[in-house]
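Q: Sequence isn't available, so here's the structure alone:
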Ligand code: ADP
């Protein structure tokens, strides 16, 4: 069994000060995500899920605590160094897909490759894009524009885009929030299949049914991790 930690949080705290009032959004979160894990983070509105996801995604800094991604300590890095780390190690999947409607599916996937320091030759780019579209069973839509596709298909394209730079972890925010239950179920099934093929995933959701599909479930309450169920350990 591989025990490499993709993500390691130690005593992460985050406070916001607004109008002279301090809100402690995270109050000492510890978390280790191991390669190959499928983790869900759920909890009521305002418990700190988005704050945690923003910190994990290197979009925001904690007030205190340590964060290592792929073994790299992110504290003290400047904006450019954080962007490079984010591009290399993290794939994002958002509730609202965030695809660019003016670009074809192919070009939507080519965009993150262009900003990567992997610098693939154009034939390799094509192969990588085709491979990622095949993973989400959308190879036949490579020349379509996102607005010619259903919501469920768009989310699958967004998942393929998140995979294109071969990240160490996918950070997934309410992946079914904009989908009806049929499309939502299909997207969740696809995420399960991707994890079974080895993709490490960290998903925030308020939907208990979907949170249950993860192998490991975490709950946040008022900025504190209150419970953890490791279904793998439970057998
Ligand atoms: P969730 O995603 O679980 O709904 P959030 O992480 O958005 O929770 O928020 C956690 C707490 O931090 C809430 O009390 C929220 O009001 C507060 N908070 C989040 N972002 C900010 C911000 N930018 N400024 C002030 N308070 C914030």
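A: Ah, there it is. Predicted model only: the values in this text are computed from it and were never measured.
Q: What segments of this protein are strands?
A: 5-18, 21-34, 38-42, 64-69, 72-73, 90-93, 169-173, 201-204, 216-221, 224-230 (DSSP state E).
Q: Quick one: these as TSV, columns for mean pLDDT and distance to the ligand too.
A: C-beta here means a position set from N, CA and C on the backbone, and glycine is covered the same way. As requested, the strands of the chain are exported to TSV (pLDDT from 0 to 100; distance: least, CB to the nearest ligand atom, whole Å):
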stretch	mean pLDDT	distance to the ligand
strand 5-18	96	3
strand 21-34	96	3
strand 38-42	96	9
strand 64-69	97	15
strand 72-73	96	23
strand 90-93	96	15
strand 169-173	97	9
strand 201-204	96	7
strand 216-221	93	7
strand 224-230	71	12
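Q: Redo the ones you listed as JSON lines? Include mean neighbour count.
A: Below are the strands of the chain laid out as JSON lines (neighbours: other CB atoms under 10 Å):
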{"stretch": "strand 5-18", "mean neighbour count": "16"}
{"stretch": "strand 21-34", "mean neighbour count": "16"}
{"stretch": "strand 38-42", "mean neighbour count": "23"}
{"stretch": "strand 64-69", "mean neighbour count": "17"}
{"stretch": "strand 72-73", "mean neighbour count": "12"}
{"stretch": "strand 90-93", "mean neighbour count": "22"}
{"stretch": "strand 169-173", "mean neighbour count": "23"}
{"stretch": "strand 201-204", "mean neighbour count": "24"}
{"stretch": "strand 216-221", "mean neighbour count": "19"}
{"stretch": "strand 224-230", "mean neighbour count": "14"}
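Q: I'd like to know which of these lies nearest to residue 162.
A: Closest approach to residue 162 among the strands of the chain is made by strand 90-93 (3.2 Å; CB to CB).
Q: Relative to the closest one, what are the paired strands and their orientations?
A: Paired strands of strand 90-93, with direction, are strand 169-173 (parallel) (DSSP bridges).
Q: Can you tell me which helices and strands the longest helix that the chain contains packs against?
A: In terms of residue count, the longest helix belonging to the chain (DSSP state H) is helix 181-196. When contacts are defined as 3 or more CB pairs under 8 Å, 6 or more residues apart in numbering; DSSP states H and E, helix 181-196 sits against strand 38-42, helix 151-163, strand 201-204.
Q: what residue ranges in this structure score low on pLDDT?
A: 1-3, 227-235 (pLDDT under 70).
Q: hey, what's the residue nearest the centre of it bridged with?
A: In the chain, the C-alpha nearest the mean C-alpha coordinate belongs to residue 171, at 1.0 Å (CA atoms, centre = their mean). Counting by DSSP bridges, residue 171 is bridged to residue 92, residue 202.
Q: ok now do it, which residues does it touch?
A: By CB atoms under 8 Å, 6 or more residues apart in numbering, the residues touching residue 171 are 53, 56-57, 90-93, 202.
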